[in-house]
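# this is a predicted model, with the sequence first.
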Amino acid sequence: MSTEKRAILAAVLMAVVFIVGQYLMPASEAPAPQTQAPSTPSEPTTSKSVKDAETAKAPPSPPPAPMAAPVRAGAAGPRPPQRVVVVETPLYRAAVSSEGGKLQAFTLKYRGEKPMAVVGDLGPSGLVVGPPGHTEPLPMEITGGDLQLGRERPSAELVLTGQVDGLRVRETLTFRADTYAIEVAVRIENPTATPRAVTASLPWSTRQAWRETPERFLGQHPVEVVWAKDGHVERLHALCEMPEIASEGRFIAIDSIFYLAALVPQSGGFRLVAHGEPKEVCETKGKDPVGRVAIAVQATPTVAPKEAWEGRVLVYAGPKEYDRLRAYGLDDTIDFGSFLIPQSWTGGRPVLPMAWLGVPILMVMKWIYQFVRNYGVAIILLTVVSKVLFYPLTVKGMRSMKAMQALGPQINALRSKYKSDPQRLQRETMELYRANKVNPMGGCLPMLAQAPIFYALYLALSVSPELQNAPFICFGRLFNVDLWICDLAGPDPTYILPILMGITMFIQQKMTPTTGDPAQARMMLFMPVVFTLMFLIYPIASGLALYWAVSNVLQIGQQWLMERSSRPAESGREAKNGARREAKNASRT
């Protein structure tokens, strides 16, 4: 879980704790000071646990052969002549090299041009075929020329052929105009009279650390390695502490915020492998660290004489759109996380997975977008829908808070009477609630119900590549600054939305009936300041700030309408009570 996600979750939980405590923990006026021993801080989550788990679970099979080392920019030594074929589709532009079919360049046409393969930084290394320990991509010949795909030509193939140590190798790359996936078919023929053990692998590598190297677009730099094995998904965020991976599994991928490079075996015999260079190399000081992480799908068949081995792999390099990933079984790569229970406590298996809420919210937002064609408007309408769904709980909570506010004088009297006996104060307060049929939890039910919904919406917005460069109200640019919201995935460059969110949150808190002691009420008024500072400090998406600001405005409107509708009823009750008092006084006289 990223720092930004931890900050959001901590803020939400803090608000819940304050609200629940306001109802259940009535404080005495002069609490006795208590000395509390400092608690031992919990150990931060590092990749050590991942490494230990991987070591414990690793099958007792021989280690995989080393993977091909990526060609670094400026590498010394002559390279064999190579030919490059350009493949142009509506979704991307690829430059395929004769060195094992390596993607010399792979640029997405997705809300701008976004390079997913950059020589020397990240990208595939090409097909590696040879005896165990061989690490160089296989020099091959390409049949055919440049390809242009579209409606008239929805798919096409590139065929590469080569030889290594007496074995004939054929690699077929299938490109399609409507997907970011490339189908790779490898055939290795053994024309000799003896069985031949061979290693075939398709690697993809990235730097372990980027530091001074700027991103060409948000989400270009990989942040984790993800792989699926034993029916669940493993994640490693600390690339500088990459363990050796060698296991069966569905896929292995290098993951960034909005984009994914995944290798998916489509036939048997492949294993998922990965390794990183030592931590000392990764942490080399300077502007250009040399440490690298490489993932691969790797097969080690023994090809019988006069026989052939065939294997198929799907390579996906594109945005993390849920529908596209789900079509290839890669939807688990989207990290919705868990609510309240870190996956590090459960061995990587999510408990209370937020995908149960995040995916439906994501689907509803995309469905609304089909009609309004503006993700900012879609977020506003999604907020309205959520407010309508939770309106009954909001009404119930407001009534409960009003009832508790009416008991304020009696609660204050109990505090004064039992200020030296907190336990007796607690009992008497709960007895007062029962006598007046007031539920102290009724006022915080809306917050408790909406907290996971809000967090799920935050996650849905934070992992949606559709919001990248998606405008809401965009007037253009002035002095290289967007005016106003031209990218819902990025922070508000004018800080208008975070400030508006803080102001509306403060107004909402002022309108909310106070049911606790004055100190707790002041603490609740301080919450808008905390949230506003958090939104200003962290680069939180404008889409989330828009949702929260609109939600606050709607909540203010609901509270105002409920307050207005309750005034005639309260006036009627006061008139009846006054008439009763006058009747009693008249009867006495």
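Nice, thanks for sending it over. Numbers count the residues shown, from 1 in each chain.

# which parts of this protein are helices?
Taking DSSP state H as the test, the helices found in the chain are 3-24, 47-57, 279-282, 322-327, 355-372, 375-389, 391-406, 408-417, 422-435, 445-462, 496-511, 518-537, 542-588.

# which strand residues bridge the nearest residue to Gln163 once chain neighbours are set aside?
Ranked by C-beta to C-beta, 6 or more residues apart in numbering and with sequence neighbours excluded, the top spatial neighbour of Gln163 is Val169, at 6.7 Å. Heads up, the C-betas are built off the backbone N, CA and C, glycines and all. With DSSP bridges as the criterion, Val169 is bridged to Gly162, Ile188.

# pretty sure Val169 contacts Ile188?
Yes: the pair Val169 / Ile188 is scored as a contact, 5.5 Å apart, by C-beta atoms under 8 Å.

# which residues are in contact with each of those two?
Taking C-beta atoms under 8 Å, 6 or more residues apart in numbering as the contact rule, Val169 and Ile188 both touch Val129.

# tell me the contacts of the residue nearest to Gln163?
Neighbours of Val169 in contact, by C-beta under 8 Å, 6+ apart: 127, 129, 138, 140, 161-163, 186-189.

# cutoff 10 Å now
100, 127, 129-130, 138, 140, 160-163, 186-189, 198, 200 (C-beta atoms under 10 Å, 6 or more residues apart in numbering).

# and if you look at Val164?
128-131, 134, 136, 138-140, 188, 198.

# pLDDT value on it, please?
Here, the pLDDT recorded for Val164 equals 90.

# kindly report the same for Leu260.
94.

# am I right that it is in contact with Met116?
Yes: with contact defined as C-beta atoms under 10 Å, Leu260 counts as touching Met116 (9.2 Å).

# what do the two both touch?
Contact with both Leu260 and Met116 is made by residues 180, 254, 317-319, according to C-beta under 10 Å, 6+ apart.

# go through these and give me the one with the most neighbours.
Ile254 (26 neighbours; other C-beta atoms under 10 Å).

# got a list of what that residue touches?
So Ile254 contacts 116, 122-123, 204-206, 222-226, 239, 260-263, 274, 293-295, 317 (C-beta under 10 Å, 6+ apart).

# try it again at 6 Å.
Counting by C-beta atoms under 6 Å, 6 or more residues apart in numbering, Ile254 touches 206, 222, 225, 261, 295.

# in strands only, show me the shared contacts of Leu260 and Met116.
Among the shared contacts of Leu260 and Met116, DSSP state E puts 254, 317-319 in strands.

# I'd like these as TSV, with distance to Pro305 and pLDDT appended.
Output for those, formatted as TSV (distance: C-beta to C-beta, whole Å; pLDDT from 0 to 100):
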residue	distance to Pro305	pLDDT
Ile254	38	95
Ala317	37	96
Gly318	41	95
Pro319	46	95
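
# mind putting those into a markdown table with distance to Leu325?
As requested, these are exported to a markdown table (distance: C-beta to C-beta, whole Å):
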| residue | distance to Leu325 |
| --- | --- |
| Ile254 | 14 |
| Ala317 | 12 |
| Gly318 | 9 |
| Pro319 | 9 |
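
# point to the helix or strand of this protein where mean pLDDT is at its lowest.
Here the helix or strand of the chain ranked lowest by mean pLDDT, DSSP states H and E is helix 47-57, holding a mean of 39.

# how far does stretch 196-216 sit from the chain's center?
Counting by C-alpha atoms, centre = their mean, to the nearest Å, stretch 196-216 is centred 23 Å from the centre of its parent chain.

# which residues touch it?
Under C-beta under 6 Å, 6+ apart, the answer for stretch 196-216 is 65, 67-68, 70, 122, 124-125, 128-129, 132, 186, 190, 221-222, 239-240, 254, 261, 276, 282, 287, 289, 291-300, 302-303, 313.

# buried stuff in that stretch?
196, 198-210 (16 or more other C-beta atoms under 10 Å).

# let's see which of the residues you listed end up in strands.
Per DSSP E, the buried residues of stretch 196-216 map to strands at 196, 199-207.

# for the residue nearest to Lys114 when sequence neighbours are not counted, what are its contacts?
Using C-beta to C-beta, 6+ apart and skipping residues adjacent in sequence, the residue nearest Lys114 is Leu108, 4.3 Å away. Leu108 is in contact with 92, 114, 116, counting by C-beta under 6 Å, 6+ apart.

# what's the closest of those to Met363?
Taking C-beta to C-beta as the measure, Met363 lies nearest Lys114 of the contacts of Leu108, at 24.4 Å.

# what does Asp421 show for phi and psi?
Reported as degrees, to the nearest 10, the phi and psi values for Asp421 are phi -130, psi 80.

# that one - how many residues pack around it?
Using other C-beta under 10 Å: Asp421 sits among 12 other residues.

# any idea how far it lies from Leu414?
10 Å (C-beta to C-beta, to the nearest Å).

# equivalent analysis for Thr383, please.
Taking C-beta to C-beta, one finds Thr383 at 40 Å from Leu414.

# cool, Val233 as well?
Noted for Val233: a distance of 53 Å to Leu414, by C-beta to C-beta.

# let me see the contact set for Leu138.
Leu138 makes contact with 100, 127, 129, 162, 164, according to C-beta under 6 Å, 6+ apart.

# so which residues of the stretch 51-200 of the chain form strands?
84-88, 92-97, 103-109, 113-117, 122-124, 128-130, 141-143, 147-148, 155-164, 167-176, 181-189, 196-197, 199-207 (DSSP state E, counting those that start in this stretch).

# re the thing from before, pick out the shakiest of the helices of the chain, pLDDT-wise.
Least confident of the helices of the chain, judged by mean pLDDT, is helix 47-57 with a mean of 39.

# distance of Leu448 from Gln163?
For Leu448, the distance to Gln163 equals 67 Å [C-beta to C-beta].
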